[in-house]
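Student: What shape does this take:
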Amino acid sequence: MPSMRPIRKPKITASRKLLLKSLMLAKAKECWEQEHEEREAEKRRYLAERIPTLQTRGLSLSALQDLCRELHAKVEVVDEERYDIEAKCLHNTREIKDLKLKVLDLRGKFKRPPLRRVRVSADAMLRALLGSKHKVSMDLRANLKSVKKEDTEKERPVEVGDWRKNVEAMSGMEGRKKMFDAAKSPTSQ
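Tutor: Numbering: from 1, shown residues only. Have a look, this model is predicted:
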């Protein structure tokens, strides 16, 4: 006899669950906003530390030119560092890709992408290959001529004989020559 389990009542009611969920979401939003503000303050502090304010008032033309040269030199240094870092990143990504391929080779397992069978008509395929400018119709059935079944049976009389004689006669190189000659003779008539 199957044992009857007592129906358990939920420990928390649905309204209480909804209230707790909304409180958790409010707390998470508050934490996210606080974290965002801290990041912005850190960014402003870092920029204030790294980039001093420019005082251009009261400078002579030669002093402004010197300031521009100095700023250009700093920009060049930063661009060189950025280029070097990008080159290192590219090198590292290539190396990681090569190592991943080596790991896959060592495992002997290649992940094949899941291929889906797609039904495409010949016209749609030509349009995709040639573009929408070319209007080529690939209605292959229209180019075929109709053949009646009765006509083909009348043209070719069927010879029934002992198949063993035919196999023995056609074996070897002479048999192949006979088959070749037989294939040539109906066309020459």
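
Student: what residues are up against Ala26?
Tutor: Contacts here follow Cβ atoms under 8 Å, 6 or more residues apart in numbering; on that basis Ala26 touches nothing. All C-beta atoms are positioned from the backbone trio N, CA, C, and that covers glycine.

Student: For it, which phi and psi angles does the backbone take?
Tutor: Backbone torsions for Ala26, taken as degrees, to the nearest 10, come to phi -60, psi -40.

Student: That one and Glu33, how far apart?
Tutor: Counting by Cβ to Cβ, to the nearest Å, the gap between Ala26 and Glu33 amounts to 11 Å.

Student: Quickly list the domain ranges of this protein.
Tutor: Following the TED database, the chain resolves into domains at 16-53, 60-108.

Student: Averaged pLDDT, the longest one. What do you get?
Tutor: On average, the pLDDT along domain 60-108 is 91.

Student: got it, and stretch 32-48?
Tutor: When pLDDT is averaged along stretch 32-48, the result is 94.

Student: TSV for the domains of the chain, including distance to Ala182?
Tutor: What follows is those, written out as TSV (distance: least, Cβ to Cβ, whole Å):
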stretch	distance to Ala182
domain 16-53	87
domain 60-108	52
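
Student: most residues in a single helix of this structure, which one?
Tutor: Residue-count comparison of every helix in the chain, with assignments taken from DSSP state H, identifies helix 61-107 as the longest.

Student: Packing partners of that helix?
Tutor: Helices and strands touching helix 61-107, as assessed by 3 or more Cβ pairs under 8 Å, 6 or more residues apart in numbering; DSSP states H and E, are absent.

Student: helix or strand right after that helix?
Tutor: Along the chain past helix 61-107, the next helix or strand (assigned with DSSP states H and E) turns out to be helix 122-130.

Student: got the buried residues for that next one?
Tutor: For helix 122-130, the neighbour count (16 or more other Cβ atoms under 10 Å) marks 126-127 as buried.
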